[in-house]
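Peer 1: heads up, no residue letters with this:
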């Protein structure tokens, strides 16, 4: 059958579009075909591993950084990205989010971040991370290449209640067709919401504030702490029974099984606490129980900085852009805390503690710099420091040979508000920066002038 | 708890609530209003005038709270108070077009038309968030009622004159406003309280009907008064005046153009709905607040001449915020809408300059256009642009001074000036901290001591025979009296710290 010229052109066009779809690495999102080799040339490379390379080359092969340095030979077949005038940084790691676990905060059907019940050590974030969440492309466009998806860490979407043991947090890449491709570390930490002595609470059932005497609140607190100790004690016995050759007979218990790596000191506890009193109590508890503790929140970490340093407990800090806990705190209390902790030698990372505000992580780090944190410390607090804290620094966090190629090429300081990410690599693949927001913007930019 | 009108704000507030122990110690930041020098000169500054470009190494002369001269050089008298701003940036004070600070309560949520309530009556000049936002360069704010109602309470514009009484906060001469709200909050989609019946309206259809119904009443009410006035003027006798209706009076003011409508909204359809209703009754919507889908109907907004006051990059906290995009401000601006970036949160207001800067990244606005989003544009939206919003001769000396370009995340506010007075000074704040710490410690020590006494009080009371009571009590009363002057020379300020402070003391001992 004979086509008219128009048909032929259309067919040709369709074929061409198809062809682009199959081959164009920048157009398609994460890809399943074997990774390609890339060479990023003439860039200023911030390796965060000691040296900054002025006119540098970074070679990516098979998902990893094959080489980084000045004047490197470009392997044949590598796609070259001339990054003259641009800068290369390790990808940003947001180490507390509910990424993939929560789509629309107010719609419970889209929220999988907090399980019901108080003790859920056996639930794992990776199980419920939705790889097609719109939050993922939106967030990675801000240069965030990996996150920790944290379950059970409280917040409004959990109906106001946070469990005591929230489950296992998973470190994931911000690209992938399925969770298996996204996983960096399925179980990176066990979430523990440290109990608070609360004399004033908000009752969601009646939507009103409740007050109780201190002695009652303290009693409830002690009860909860005892419960935690009891769970750990049982987990210890269980872990002993599980050991090969123990000869012990036991019924399988998924919760205790999940806690076994915690009591063995293999899996860190991510302990959410903000007030200095709770932090001190949690540190003392974990010390006595010989558990690996990572503090999360830490609004008053500065009050216990010597303790945190001496016990070598790292902190994942709440956003610097937060109001101080008390009205008589200095107005910039949260903004200046990172600088104070850095000066005191406390290890810390900065995180968003959120999804839709995850893209503000760089802004938060920059604000910490404005209030005294050395710039390089701020960069490290959103890259290599959290990677070390969660034990994935062998894979991400700096630009070093052998690490995964999770990195960004920018036209400036990645923490500054107006900087654009020009290229984004996740697992060595050039990853699309298309996202819901960009699509809507482009669609409505093209709306013809309204007839009205 | 102060609940502001968006879900995200509530989420943010709750996160803060988790941290709060409600420490009612006296405010540590000095709350006395600053001096009002008659002549001030700011020198050597990079002045971002917003109206007529940037002046490098320029000066601003302030006389009696007004800008008297702006330029490379000014004629400053010798006795002028000098602020050397070498290397620093001066911008017009930031104007927050959507705020809930300085208010004792936010929502009269029991009815869907609560136009009878007025934010002016519940201003709280001691709200620490006034100071915090001042420290973020904010000089004026639109204090809005919440969004629980189709037609909410009456609103006002304030200046952040920290240390002044409530009566000194309102922005003199600014037209009052009224809050309207559309969509999920009014429908109570995300706010059902167990055991309480659903309130009408529960759909966007009902929201329109509620607003139309209220304005039909208001129109009749207006006519009844006009008829009465007419007859009265014609010398009519034995006339009975219509009964005053406090709910309808502000709506009549809306019909007469004497009160601005600030309407909370999200979705494109509800935005157009309110424009139709406004046309039907012959009033103007002054601003759409949030207006996160404004970019979808930007032409309609521009044609109606209505302002849009939006967030920089909030999204996904509820369904009607799922199509929110950070390009909203830029896209609406390109289509001719006057756009401002607002906070709706005491925290967000501390960095509105940064939020405005995002419109350069998302949508490519110029530096000037971005800065207007938090200065001139909100001033225009609130009808106060003859007084504030730019650095021009004759305007109020409301200014913010930064150490860097204010559209950078590295910029820190150094001074905030209102009516020519320095209401916030970073160096002074820092310098006073150790003194405040001392004062706080002294107060806590005192409370601890009195808390330690209490059990001593009770124990003998409970065990000892009643006859011994008076003998024991006498010396105990004396003790604190003796200690007070020894601890602190100044008479201690009164404190509301009762049981809460006792909790803190016991907690500190843990």
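Peer 2: Everything's here; your move. Predicted, not measured: the structure shown is a model, and the values here were computed from it.
Peer 1: what about the strands in the stretch 351-500 of chain B?
Peer 2: B:399-402, B:413-418, B:421-425 (DSSP state E, counting those that start in this stretch).
Peer 1: should've said the stretch 351-452 of chain A
Peer 2: For the stretch 351-452 of chain A, the strands defined by DSSP E, counting those that start in this stretch cover A:407-410, A:421-426, A:429-430.
Peer 1: Tabulate those in TSV, adding columns for mean pLDDT, mean neighbour count and distance to chain B.
Peer 2: (C-beta placed from N, C-alpha, C; glycine too.) Listed next are the strands of the stretch 351-452 of chain A as TSV, based on pLDDT from 0 to 100; neighbours: other C-beta atoms under 10 Å in any protein chain shown; distance: least, C-beta to the nearest C-beta, whole Å:
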stretch	mean pLDDT	mean neighbour count	distance to chain B
strand A:407-410	98	25	12
strand A:421-426	98	22	10
strand A:429-430	94	24	21
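Peer 1: Please identify which of those strands is closest to residue A:301.
Peer 2: Among the strands of the stretch 351-452 of chain A, the nearest to residue A:301 by C-beta to C-beta is strand A:407-410 (28.8 Å).
Peer 1: So for the residue nearest the centre of chain B, what's the nearest residue that isn't a sequence neighbour?
Peer 2: When C-alpha atoms, centre = their mean is applied to chain B, the residue found nearest the centroid is residue B:99 (3.5 Å). The shortest distance from residue B:99 to any non-neighbouring residue, by C-beta to C-beta, 6 or more residues apart in numbering or on different chains, is to residue B:141 (3.8 Å).
Peer 1: any idea which element that neighbour lies in?
Peer 2: Taking DSSP states H and E as the definition, one finds residue B:141 inside strand B:138-143.
Peer 1: Show me what that strand is packed up against.
Peer 2: Under the contact definition 3 or more C-beta pairs under 8 Å, 6 or more residues apart in numbering or on different chains; DSSP states H and E, strand B:138-143 sits against strand B:94-99, strand B:151-159, strand B:399-402, strand B:413-418.
Peer 1: Please identify the deepest-packed of these.
Peer 2: Mean neighbours per residue, mean count of other C-beta atoms under 10 Å in any protein chain shown, is largest over these for strand B:94-99, with a mean of 31.
Peer 1: which outside residues touch that strand?
Peer 2: Here strand B:94-99 makes contact (C-beta atoms under 8 Å, 6 or more residues apart in numbering or on different chains) with B:133, B:136-144, B:262, B:287, B:289-290, B:307, B:309, B:340, B:342-344, B:346, B:349, B:352-353, B:374-375, B:378-379, B:381-382, B:384, B:388-389, B:400.
Peer 1: mind redoing it with 7 Å?
Peer 2: Contacts to strand B:94-99, defined as C-beta atoms under 7 Å, 6 or more residues apart in numbering or on different chains, come from residues B:137-144, B:287, B:289, B:309, B:340, B:342-344, B:349, B:352-353, B:374-375, B:378-379, B:381-382, B:388-389, B:400.
Peer 1: Could you check the angle it makes with strand B:151-159?
Peer 2: For strand B:94-99 against strand B:151-159, the angle by axes from the mean of the first three to the mean of the last three C-alpha atoms, to 10 degrees is 160 degrees.
Peer 1: burial measure for residue B:434, as a count.
Peer 2: When neighbours are counted by other C-beta atoms under 10 Å in any protein chain shown, residue B:434 registers 9.
Peer 1: where does it land on pLDDT?
Peer 2: Note on residue B:434: pLDDT of 95.
Peer 1: Also residue B:85?
Peer 2: Reported pLDDT for residue B:85: 98.
Peer 1: How many neighbouring residues does it have?
Peer 2: Quick note: residue B:85 (other C-beta under 10 Å) scores 24 neighbours.
Peer 1: which phi and psi does it have?
Peer 2: The phi and psi torsions at residue B:85 (degrees, to the nearest 10) take the values phi -110, psi 40.
Peer 1: Do you have the helices of the stretch 351-452 of chain A handy? List them.
Peer 2: Taking DSSP state H, counting those that start in this stretch as the criterion, the stretch 351-452 of chain A contains helices spanning A:361-370, A:375-381, A:384-389, A:436-445.
Peer 1: will you turn those helices into a markdown table that also has distance to chain B, mean pLDDT and mean neighbour count?
Peer 2: What follows is the helices of the stretch 351-452 of chain A, written out as a markdown table (distance: least, C-beta to the nearest C-beta, whole Å; pLDDT from 0 to 100; neighbours: other C-beta atoms under 10 Å in any protein chain shown):
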| stretch | distance to chain B | mean pLDDT | mean neighbour count |
| --- | --- | --- | --- |
| helix A:361-370 | 4 | 98 | 26 |
| helix A:375-381 | 9 | 98 | 20 |
| helix A:384-389 | 19 | 98 | 24 |
| helix A:436-445 | 4 | 98 | 17 |
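Peer 1: Quick check: which of those is nearest to residue A:303?
Peer 2: Among those, helix A:361-370 sits nearest to residue A:303 (C-beta to C-beta), with 17.8 Å.
Peer 1: ok now do the closest residue to residue A:80 other than its chain neighbours, which residues does it touch?
Peer 2: Counting by C-beta to C-beta, 6+ apart, residue A:80 lies nearest to residue A:39, which is 4.9 Å off, once chain neighbours are set aside. Residues near residue A:39 by C-beta under 7 Å, 6+ apart: A:57, A:59, A:74, A:78, A:80.
Peer 1: Residue A:39 in helix, strand or coil?
Peer 2: Three-state assignment for residue A:39 (DSSP: H, G, I helix; E, B strand; the rest coil): strand.
Peer 1: in the sheet, who's paired with it?
Peer 2: Note on residue A:39: beta-bridge partners by DSSP bridges are residue A:59, residue A:80.
Peer 1: and stretch B:322-337 with chain A, contact?
Peer 2: Yes. Shown here: stretch B:322-337 in contact with chain A (C-beta under 7 Å from any C-beta of the partner chain) through B:322-323, B:325-327, B:331.
Peer 1: Which pLDDT value belongs to residue 25?
Peer 2: No chain was given, so I picked chain A. Predicted confidence (pLDDT) for residue A:25: 44.
Peer 1: Chain B is the one I meant
Peer 2: Residue B:25 is given a pLDDT of 39.
Peer 1: which intervals of the chain have sub-threshold pLDDT?
Peer 2: This is for chain A. Applying pLDDT under 70 to chain A flags the ranges A:1-35, A:154-162, A:204-207, A:451-452.
Peer 1: other chain: chain B
Peer 2: B:1-31, B:454-510.
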